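Novice: Sequence and predicted structure below; questions after.
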Amino acid sequence: MSGANEEGRRVRVVLGEVAGRRTAADPARADLAEQTPVGEALVRGLVRAQLALALRMALVVVTGLGALPLLFAVAPAVGSIRILGVNLPWLLLGVLSFPFLFAVGWVYVRWAERNEQDFTAVIRRPE
Amino acid sequence: MNPYVVPSLAVVILATVAIGAYGLRFARTTSDFLVASRSVSPAWNAAAISGEYLSAASFLGVAGLILRYGVDVLWYPVGFAAGYLALLLFVAAPLRRSGAFTLPDFCEVRLRSPLLRRLATIFVIFIGCLYLVPQLQGAGLTFTTVAGGSYAWGALLVGLVVTANVALGGMRAITFVQAFQYWLKLTALAVPVIFLALQWQAAGRPAIDPPSGPVFPVTTTVTFDDAARLTLPDGTVDEVEAGAERTYPAGAPVPDVSTVDDRRGPDWLLPGGDGSLFATYSLILATFLGTMGLPHVLVRFYTNPDGASARRTTLVVLGLVGLFYLFPTLYGVLGRIWAPHLLMTGQTDAVVLVLPEAALGGGHLGRLLGALVAAGALAAFLSTSSGILTSVAGVVFTDVLRAERGGSVRDFRVATVLAAALPIVLAVSVATMDVSRVVGLAFAVAASSFCPLLVLGIWWRGLTDVGAAAGVLAGGGAAMAAVLVTVLGPPLTGWPAQLIGQPAAWTVPLAFAVMVVGSLATSRRIPRDVGATMLRLHAPESLRL
């Protein structure tokens, strides 16, 4: 059978050829593994993108929640506003802060995964 | 005494042991346990993490603080939940990818420094003890409230039970047990709230915070443990000596007691109160940044298969924890109507336990719901204290007793007893502190020691072992000193009281600053393999090279 013949045939393997072929097909991956300047730059880019994303999300929370004590101190009247018979600070802190935190986390997870997919795409792209 | 309480507590313990035994069939060794856990979906894993995280401080303490201080202490639950967001943003995925199992492990992986590892060990033990004490206090309080026993015996008894459980391996951190305890805790708060809300509706929606101050809903007899001065809203003063009793008719105003610090009227209802802006921001900083540094929180992340699922798990935890924290607030608020006598005795942490019976009467429904919340409190207490004790004992075992990994089980038991001894002694001797306040201090220490270490270690190549050690010593040491002064020292007033009582606002920036400056000054000590470490921390696993 030709299939058996195919499998049974001896093939000469030269290590240098295999290594060379892989590098040619996957240069960015080799850059990463060998920590060349290009690989370093790729990792730095990923770390920077993820950090920038995390800091932006943290800023959203700091301005959204962190400004509240200051707001209540500067404008005490805000604390007396009643919605459905409940004072606004109770509603904001006791109820709404939790969905807000979850929403920020949800957006972060989506974007962080997108950053990683972009990174993977750069590494895997045959050039 | 409520006849349903003892059976319900027994059911919690039996269910815990049974689910644990069921889980143990699949997990004979530590590595079995880890591999088994990796086949668990993020939803189960997240329920387990939440189950371990929601402690007596969350279950009992938050409602007690709200009953006493009002809107300002809502920052506790918000901060406890937001801590998971900070963990998600800055730590979750890279930490999982680092492969570190404990905080000392992370120091070793990132900075290759045995010295820093030892320093981290000291802080893990300190934070663990500080976190265990309020759990045991909660247990003692539950014991006195639902079973009428003495506080010291309750704390001691439950402390010994948990120690024995962890030492004998009966309460291993098995995903399903912890997950079960999350849902139990949520049910134990959510179901009674439905009946409490109906009761509030049926009673004609009594005002939560009447202008004249809280009033007794029924005829109430209050016993005073210490001499105190009672002040009525109309200015009448009543001096009582220790052991005295006073009986108040239904509708009588609740007197202000000189030995109990609480807030009334607009101070309770509106933000600001007598707490300063500094204390609020300090608390926010401590809880936002402290969660990532708690020893039992980190261990759990290792059970995720990869960084991306660690992130998803953390997001679900954020949702589950947020869902849970909707309820303690309601207990604190409704406690103003039905359990105002706690404002006179100072035992506000008991509000969750006494509210069902107080609101619904001593009939079967009230007693059954009372037994349900008692069961939830026991679950809260068991899961968190077992989790902390297991992780602290693990660190004592590997880093203090210096046993090899896979050392004898006897050594682990010795480590467990060592780790449990100090918290039990402290909990028995210090009965008067608010459960959530002490937990807040544990968060402050974690935020000023491990948070900078983790955040800078993960995101900044320039961190060195000397800089990290200096930062942990400066920030964490200062927070530790502040805690010791608060717990053991004389009462302070004015600015020193605020700086020491809520130290995070200055100790966290101090830790970051010292760590950065120290690392810049010793930049020759940056590990050579920092590039490889960064790649490992941040690159997706699918690219493992």
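Specialist: Great, that's in hand. Numbers count the residues shown, from 1 in each chain, chains lettered A, B, ... in the order given.

Novice: Now do the residue of the stretch 151-300 of chain B found nearest chain A, the pLDDT please.
Specialist: Using Cβ to the nearest Cβ, the single residue of the stretch 151-300 of chain B nearest to chain A is B:Pro271, 3.9 Å away. Using the backbone N, CA and C atoms, a C-beta is placed for each residue, glycine as well. Confidence at B:Pro271, expressed as pLDDT, is 76.

Novice: The residue of chain B found nearest chain A sits in which helix or strand?
Specialist: Of all residues in chain B, B:Gly322 sits closest to chain A, at 3.2 Å by Cβ to the nearest Cβ. Per DSSP states H and E: B:Gly322 is located in helix B:307-324.

Novice: just checking, what packs against the helix or strand following that helix?
Specialist: Sequence-wise, the next helix or strand downstream of helix B:307-324 (DSSP H and E) is helix B:326-338. Packing partners of helix B:326-338 (3 or more Cβ pairs under 8 Å, 6 or more residues apart in numbering or on different chains; DSSP states H and E): helix B:62-69, helix B:175-202, helix B:351-360.

Novice: Downstream of the second one, the next helix or strand is which one?
Specialist: Elements were assigned by DSSP H and E; along the chain past helix B:175-202, the next helix or strand is strand B:220-223.

Novice: What residues does the residue of chain B closest to chain A make contact with?
Specialist: Neighbouring residues of B:Gly322 by Cβ atoms under 8 Å, 6 or more residues apart in numbering or on different chains: A:Phe98, A:Pro99, A:Leu101, A:Phe102, B:Ala81.

Novice: what secondary structure does the last one sit in?
Specialist: Secondary structure state of B:Ala81, per DSSP: H, G, I helix; E, B strand; the rest coil, is helix.

Novice: residue ranges with poor pLDDT in chain A?
Specialist: Scanning chain A for pLDDT under 70 picks out A:1-9, A:11-36, A:125-127.

Novice: Mind telling me which residue of it is nearest chain B?
Specialist: Nearest residue of chain A to chain B: A:Phe98, at 3.2 Å (Cβ to the nearest Cβ).

Novice: Report the contact partners of that residue.
Specialist: A:Phe98 makes contact with B:Val78, B:Ala81, B:Gly322, B:Leu323, B:Tyr325, B:Leu326, according to Cβ under 8 Å, 6+ apart.

Novice: and if we set it to 7 Å?
Specialist: By Cβ atoms under 7 Å, 6 or more residues apart in numbering or on different chains, the residues touching A:Phe98 are B:Ala81, B:Gly322, B:Tyr325, B:Leu326.

Novice: Run through the residues that contact the residue sitting nearest the centre point of chain A.
Specialist: Centroid-nearest residue in chain A, with Cα atoms, centre = their mean: A:Ala112, separated by 1.9 Å. By Cβ under 7 Å, 6+ apart, the contact set of A:Ala112 is A:Gln50, A:Leu53, B:Arg311.

Novice: May I have the secondary structure class of it?
Specialist: Secondary structure, three-state DSSP: A:Ala112 is helix.

Novice: and residue 73, what does it touch?
Specialist: Using chain A. Applying Cβ under 7 Å, 6+ apart to A:Ala73 gives the contacts B:Gly272, B:Leu277.

Novice: that answer is for a different chain, and I need it for chain B
Specialist: By Cβ under 7 Å, 6+ apart, the neighbours of B:Val73 are B:Leu65, B:Ile66.
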